[in-house]
Every structure is written in structure tokens, then in C-alpha cells.
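> Dropping the sequence and predicted coords here.
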Amino acid sequence: MSEERFPEMSPSIQPSNPAEEAASEERAILRLASKLLEQIFKETTHGSSLLEDWDRPSHIVTDEARRRHQMDDLSWLYITHVCRRWRSVALKCPSLWRKMRFGHPDMVQAVIDRSDQETLAIEWDDHDGYFQDKLDADLLFTAMRHVHRVATLSICAPHKQLTSYISLLRHSVSLERLTHLRVASQALLATQPISDTLPYAPALHNFRSDKYILSWLSPVFRSNTLVELRVGIIPRTATNVEQMFTALRNLPTLELLSLNMESIYEDSWPSSDTDLPFSPSIKDLETIRLDQLCVLRFAGTMDDCAGMVDRFTLPSGAYLYLHAYQSFETRTAGPLISDHGIGEALAHHFERQGAVAHFAGVRYLCGEGFRMDVTSQYTDEYSEKGAGSGGPASLMKMMQGGGMGPLVSVMMFNGRNSLASQVTSTGQVVTGLCMALPLLDVTTVVLEIYDFGLGTDWWANMSRCMSALETVIIKDLTASGDGATLDIFLQQLAKGTGEDDPDRTSFFPTLQRLVLESNNIISLEPTYTLLVAQLLQRKKQGKDLQSLKLSEPVTDEQLVELQKYAGEVDAGQTVSK
């Protein structure tokens, strides 16, 4: 379509037919003021996708996501081919031309020219096999000659090439406009150091390093404007650990700190030499206070996690995520239930933080271990979401977005043992954590624990450490059988635990709401009979429930029977016999 000019129409002249009306609307669009066109174009072109989620993978792995990425935001190109006027407006709008698109080699220099003095965004992914055609490194060298204009820079490359790319940064005259930096190696092993350092950037807000070892003496860690810092691998030497804590003390503006999370994927984690060396000089120092920190994420062995937690004092509303990987039964110091290493560290963390927990969730992750979440309040979204969170970033977004006020999440990975041995040891670890943490103010608990071989003592411990519980939500417990977890829970529902011990309170004495999400309660007559008997006994004790919710449908007769013992019964639907 060629550009043309149209005379102004008098307000008194009206189109005489629909065809003329449509033509008038088209002419009005073409007559839009240039400034308005610019604003429309800016809304149409979303800019750099890098800034949308700094937690996303270093490179896209699925074919569909890769295709979308290669076609990333082509609206900037489409609008230049509508008509000459639109093209003229677009070419004179530098902010539309900020992102380098290496999938279009002929556009690299064009973007540099058209962006004028606007800041640039560079995303270079030279991962083997990522593109059908190997990227020409000269394109990156061309772009990096203008690195003094770059605000967002992401480089993902094979380890051998990474150092040469980083040298382009080190020799830059100025990085005053750089605010977002990500450097990722595609090495098979995540323990290779790079032979160069990253320079100081005075305006840097976000820095992320993946799959390589970077010295904590690197000038980039002196960028005291950092808001988000993600370091995938921590070198396991006493010197590096000490340098890390020294660097972190000088980053007062941090709001998100993610450390060692890539160690989750290392094959060497069961080895006894994987603990981080916390030297006595480190342990004797005062804890690190980061008053603006909102999120701290860390992965390591149980002892790593305990040592790391002991080094920080977090603000009262900050969220701590730990991914602890180690065999629960084969630790040198014995199982967690015996030494309480990480449990004690978390208890001291709560004391320093001054936070109050009102919700706890324990969710079994089949084949991996379990996750325990502690938050300042509960929303239904937590129970509705599956146990698998999709990773710490997704879990954080779910809980923060749902207004739960997340305080602590502990992912315990016990992948070294068989499933049979996991059952018993996992139950012990859950008990150890619950007994160590300050959960007396918890009013709601979600238990999605399959079957940890949990006996009467386990439920008694839960009743003692969460003595203010009002709502219990139980998901997918086994029923009707020797040692069946759900049956054991129901047996304790209406009687005290340890009647001979006057210090022990009755089982969940303040319980008001009970949610049982299982497909084997109503359908299994012995379990249903046990439920009714215990509800009756609880009513006689003056502890009848305000509400009972079941996931299975009930008959009309069963509904009437259950309503005798609970103020409100929600069984989804009723069925006739």
C-alpha cells in the first residue's frame, strides 16, 4: 500500500453509504498524528523479552519455544511495510530498534543505526545445536563494539568461546548504562572456571552467572546497585566461601539472592566431600544483614543449608528457599532426627527474623523427597496447586502472587535411597523439622504425604507442635489396611494422645475444619465407619467440627449422618443408592 494524503473532512459532511464510511475510517487511521503512531508502535512492540523473567532458562530447549523465540517480536518489522508513512514514523522512532536480532544477520547494523543513542539489548545464545545454522561470532563482535550503549546483555555460549566474549566486556571503555547482565556457559560440567573477570558496572541491577565458576573478587561484585544476584555455582574452597561472604556484606541493595542452585543437577552430590567449608573465622563473624532482601534461595547438602542459614539475618517478611540434597540415613552424623542440624538452624533463623508462621504445608514429591512450606497466612491456591511446583521461581510466584506471605520452603531431596527406605526416613525428617520450627501459632496445615509409615507418635508430635490448629487439609493418604496412614489419623481424631502424660494435650484440640481429599474414605466401609465413630466421639467431648469437606460423593443417608456431627458438610455431590 502506498502512502497518500487526504484532505480534511468537514464535520458536517457525513458518509452517504457504508462503503464511504469504511473508507473514511481507513483515511482517519492513515491521518493519525506521528506522535500517536509512535505510541501505538511502542505498545505493539514489547521490547526485550529478557526482562520479563530473569529466572527463565539460559536457553530455550523446546522446538516450539525456540521457533517463537526466533520470530521474537517481529511486529517491529511488519509495521515498516504497511505504507511509506508508517515506515517513516517507525524509522524515526529509535526506541523501536533497541534489541539485537541475530537471527536476522542483515539487521544487526541496521538496528545499531536506527536505535540512534537509545540503550541496546543483546541476547546471544550460541548453544550447540540451538540454531539450525551456526551463529556467526562476527555478529556479536559487531554488536559489542557498541557495548557502552548496552543496558541488557545475555551471553550463553560453549565454555571455550565464553572467555573471548567476556574479554569484550573487560576492555569496554564504559558500562555505565548496563543494568542487566547474564553470562552462561554451556559446559557439560558446571565446575569449570573462566580465565577472565567481569568488570564493574556502576548501574547494574541484575546479574546472573550460570554453569561456570567466577571469582568473588571479580569487580562485578562491587556493583553496589545490585538488586538481584544469581550465582549458579559456589566454589567449594574455604577461600572462595570467605570471599563470597565478604562480597555479600557490601551489597546492601539486594532484594533477591540465589546461590548454588545449579548444584541441584550435579551428579556428585552424594559424596561426603560436597559440604561447603565454613571456616571458624566465618562462623565467628556477625550474621549478614541485608535489610532490603525479599528472597534468599540456596541449594546444598543439609550441612551446607544449615551453615548458610546461620550466616544471614533476614527481614521479617523475607522468603527463604532451601534445596537440601543428601541421604537421610547415611549421613556421617546420623539422620536429621538425631542431630537437628538444619532444624536448629531454621529455628534460630525464625528467632532472628521475628516472623510468625500461621500456615504449614508438607508435600511428598514422589521419587524425590518432600517439601515443607511455612507462610504467614494460607490461601486455597496452595492446596489447589499440585505438589510439583515447577521449580523455586514458580513456587515463589505462586505463593507471593496468592498473598500467602511465604517465609520458608525446604525441599528435602533423598534420591539416594530406595522408595521403601525413603518412607521411614522421610517421616523422621518431617518430624524433626516440625518439632524444631516455631509452629505453635500455625492455624492451617496441608499434608500431602502419601504414606511415610506415620504411626500414632507422628500424629501426636504434630498435635503438640501445632497446638493451635483450626484447619487440617489431608490429601491422598492410604486407608483401610495394616498401618494405613489415614486410618491411624482417624483413630486419633477423637481421643487424647498419651493420656498418662498430663503435659500432653488431646489430639488437635482446637480443630474446627477438616478437609479429606482421598478417594478411599466413603468407598471403603471400614474407613467410613471409623470416621463416623470418631466424629461422634469428638462431638461428645464438646469438640465437634464446624465443617467437614470430602472429595468423594456421598449418599443422601450418609450426608444426613455426617451432618449430625459437623455444622457444615461439603461432599461435592450426593448420590442415591
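Good, I have the coordinates.
> quick one, helices of the stretch 1-150 of the chain?
Per DSSP state H, counting those that start in this stretch, the stretch 1-150 of the chain carries helices over the ranges 18-30, 34-44, 63-70, 75-78, 84-91, 108-114, 137-144.
> let me fix that: the stretch 151-300 of the chain
159-170, 238-249, 280-283.
> want to throw these into TSV with distance to residue 514?
For every residue, glycine as well, the C-beta is placed using N, CA and C. Listed next are the helices of the stretch 151-300 of the chain as TSV, based on distance: least, CB to CB, whole Å:
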stretch	distance to residue 514
helix 159-170	55
helix 238-249	45
helix 280-283	45
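> lowest-confidence stretch among those?
Among the helices of the stretch 151-300 of the chain, helix 280-283 carries the lowest mean pLDDT, at a mean of 66.
> Looks like residue 257 contacts residue 247 (just checking).
No - the criterion here is CB atoms under 8 Å, and residue 257 misses it with residue 247 at 11.2 Å.
> which one of those two has more residues nearby?
Neighbour totals were compared for residue 257 and residue 247, and residue 257 leads with 23 against 18 (other CB atoms under 10 Å).
> which ones are touching the more buried one?
228, 229, 248, 290, 293, 295, 296, 297 (CB atoms under 8 Å, 6 or more residues apart in numbering).
> just residue 223 next, same as before
Residue 223 touches 200, 201, 202, 204, 207, counting by CB under 8 Å, 6+ apart.
> Quick check: the last one vs residue 256, distance?
Okay, so that is residue 207. 11 Å (CB to CB, to the nearest Å).
> overlap in contacts of those two?
228, 229, 230.
> lowest-pLDDT helix or strand in the chain?
helix 336-339 (a mean of 40; mean pLDDT, DSSP states H and E).
> pLDDT averaged over the helix or strand following it - what is it?
Remark: after helix 336-339, the chain's next helix or strand is helix 341-353, criterion DSSP states H and E. For helix 341-353, the mean per-residue pLDDT is 91.
> What of stretch 456-464?
80.
> list the buried ones in it?
458, 459, 460, 461, 462, 463, 464 (16 or more other CB atoms under 10 Å).
> Out of those, which sit inside strands?
Nothing among the buried residues of stretch 456-464 maps onto strands, per DSSP state E.
> need the residues you listed in a markdown table with distance to residue 518, can you?
Formatted as a markdown table, the buried residues of stretch 456-464 follow (distance: CB to CB, whole Å):
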| residue | distance to residue 518 |
| --- | --- |
| 458 | 18 |
| 459 | 16 |
| 460 | 21 |
| 461 | 22 |
| 462 | 18 |
| 463 | 20 |
| 464 | 25 |
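> I'd like to know which of the residues you listed are part of helices.
Using DSSP state H, the subset of these located in helices is 458, 459, 460, 461, 462, 463, 464.
> Please identify the one among those that lies nearest to residue 527.
residue 459 (16.0 Å; CB to CB).
> Now do stretch 377-389: everything it contacts.
Taking CB under 8 Å, 6+ apart as the rule, stretch 377-389 contacts 358-359, 361, 363-365, 371, 373, 375, 395, 398-399, 402-405, 443-444, 446, 448, 471, 473, 475, 515.
> quick one on the thing from earlier: Throw the shared contacts of residue 207 and residue 256 into a markdown table and include pLDDT and neighbour count, thanks.
Compiled in a markdown table, these are given as follows (pLDDT from 0 to 100; neighbours: other CB atoms under 10 Å):
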| residue | pLDDT | neighbour count |
| --- | --- | --- |
| 228 | 96 | 20 |
| 229 | 97 | 23 |
| 230 | 96 | 19 |
